[in-house]
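**Student:** Model the structure of this input:
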Amino acid sequence: QVQLVESGGGLVQAGGSLRLSCAASGISFSINVMAWYRQVPGKQREWVAVITSGGTIDYPDSVKGRFTISRDNTKTTVYLQMNSLKPEDTAVYYCKMQTLGGKDYWGQGTQVTVSP
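**Tutor:** Now for the predicted structure:
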């Protein structure tokens, strides 16, 4: 059974930092693409960061320079370091695993709230 479990969310003031973690189990980790998304109620889920099995990384402009994605294949965990947080970063953050076969697995999400 595939499981993705996020942690590290919470309440932080604007300008602060948080580090999210997503631990994977039940599936090969190192060969798959890992990504972070976020969603605000009433809006579409938004892509935040991606890291491939080979370490290629990309971000949308909205978080580039502030967020850093990384992965530790020995711990089957992907991280999202978020710095210089803004109130508009408030959302539920989800990690996603995309397998070589094109199947997606999602975690349950972790709430990030940034106060002004």
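**Student:** How about the contacts made by Ser53?
**Tutor:** By C-beta atoms under 8 Å, 6 or more residues apart in numbering, the contact set of Ser53 is 30-33. For every residue, glycine as well, the C-beta is placed using N, CA and C.
**Student:** my guess is it is in a helix, correct?
**Tutor:** No. Going by DSSP: H, G, I helix; E, B strand; the rest coil, the assignment for Ser53 is coil, not a helix.
**Student:** For it, report the pLDDT, please.
**Tutor:** According to the prediction, Ser53 has pLDDT 94.
**Student:** Repeat that for the one 10 residues further on.
**Tutor:** pLDDT for Val63: 98.
**Student:** Same check on Leu11?
**Tutor:** Reading off the model, Leu11 has pLDDT 98.
**Student:** Number of residues surrounding it?
**Tutor:** 12 (other C-beta atoms under 10 Å).
**Student:** What pairs with the strand or helix carrying it, parallel or antiparallel?
**Tutor:** Element membership of Leu11 [criterion: DSSP states H and E] is strand 10-13. Strand pairing for strand 10-13, using DSSP bridges, gives strand 110-115 (parallel).
**Student:** Quick check: mean pLDDT of the partner strand?
**Tutor:** 98.
**Student:** in that strand, what's buried?
**Tutor:** 110, 112, 114 (16 or more other C-beta atoms under 10 Å).
**Student:** I would like the residues contacting that strand, please.
**Tutor:** By C-beta under 8 Å, 6+ apart, strand 110-115 touches 6-14, 16, 18, 20, 38, 82, 85-93.
**Student:** Could I get the contacting residues of the residue nearest the centre of the chain?
**Tutor:** Closest to where the C-alpha atoms of the chain average out (C-alpha atoms, centre = their mean) is Trp36, at 2.8 Å. With contacts defined as C-beta under 8 Å, 6+ apart, the neighbours of Trp36 are 20, 22, 47-50, 67, 69, 78, 80, 93-96.
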